[in-house]
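A.B. asks: With the sequence up front, the predicted model follows.
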Amino acid sequence: MSETRLQDEYNKAIRDCDIFVSLFFTKTGKFTEEEFDVAHQQFMQTKKPRIYTFFKNADVNINRIIREDFLSLDSFKNRLGELGHFYTGYDNIEHLKRQFKDQLEKLLDDGL
C-alpha cells in the first residue's frame, strides 16, 4: 500500500529531472499525457526539464486501429501545436537515436 498513487511518484521524478522524453506511436494514454503536463508546467516555472517529444512514422494496419486511440493521438498533437511545442518524427530506432543525439549536442553547444 502507498499513501499516494504510484503516478504521483513518477510525477515527482519528472519535476526533478533535467530532460523529459516521450515517445508515441498509435495512441496517447492518460498517464502519459499527465506526465507531459507535469513536465510542461515544471518547464514553464523553472525552464527544466527540457522536453523532447517523438512520434514514430510507420505504416499501421488500418484493421487494427482503434478509433479512440487515433483520436487521442491527433488531439495530443494538436495540443502540442497550441502550446508551441514542436515534436519530431522518427522512422526507426537508429533514426530516433540520431535525432536525440543531435538535440543533446545542441544543448552542450548552448552550454546547458
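C.D. replies: It's in. Residues are numbered from 1 along each chain as shown.
A.B. asks: Where do the strands of the chain begin and end?
C.D. replies: For the chain, the strands defined by DSSP state E occupy 19-24, 50-56, 88-90.
A.B. asks: could I get these as CSV with mean pLDDT?
C.D. replies: Below are the strands of the chain laid out as CSV (pLDDT from 0 to 100):
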stretch, mean pLDDT
strand 19-24, 96
strand 50-56, 97
strand 88-90, 95
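A.B. asks: Mind putting those into TSV with distance to Leu104 and mean neighbour count?
C.D. replies: To be clear about C-beta, it is placed using only N, CA and C from the backbone, and glycine gets the same treatment. Listed next are the strands of the chain as TSV, based on distance: least, C-beta to C-beta, whole Å; neighbours: other C-beta atoms under 10 Å:
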stretch	distance to Leu104	mean neighbour count
strand 19-24	8	16
strand 50-56	9	18
strand 88-90	13	15
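A.B. asks: So which of those strands is nearest Arg79?
C.D. replies: strand 50-56 (10.9 Å; C-beta to C-beta).
A.B. asks: Give me the residues contacting the closest one.
C.D. replies: 18-25, 36, 39-40, 43, 73, 77, 80, 85, 87-91, 96, 99-100, 103, 107, 112 (C-beta atoms under 8 Å, 6 or more residues apart in numbering).
A.B. asks: again, 7 Å this time
C.D. replies: Applying C-beta atoms under 7 Å, 6 or more residues apart in numbering, the external contacts of strand 50-56 come out as 18-25, 39-40, 43, 80, 85, 87-90, 96, 100, 103, 107.
A.B. asks: Poorly predicted segments of this structure, please.
C.D. replies: For the chain, the stretches with pLDDT under 70 are 1-2.
A.B. asks: OK, contacts around the closest residue in space to Pro49 that isn't next to it in sequence?
C.D. replies: Nearest residue to Pro49, sequence neighbours excluded (C-beta to C-beta, 6 or more residues apart in numbering): Phe20, at 4.2 Å. By C-beta under 7 Å, 6+ apart, the contact list for Phe20 reads 14, 39, 49, 51.
A.B. asks: Show the buried residues in those residues.
C.D. replies: Buried residues within the contacts of Phe20, counting neighbours by 16 or more other C-beta atoms under 10 Å: 14, 39, 49, 51.
A.B. asks: Great, nothing more from me.
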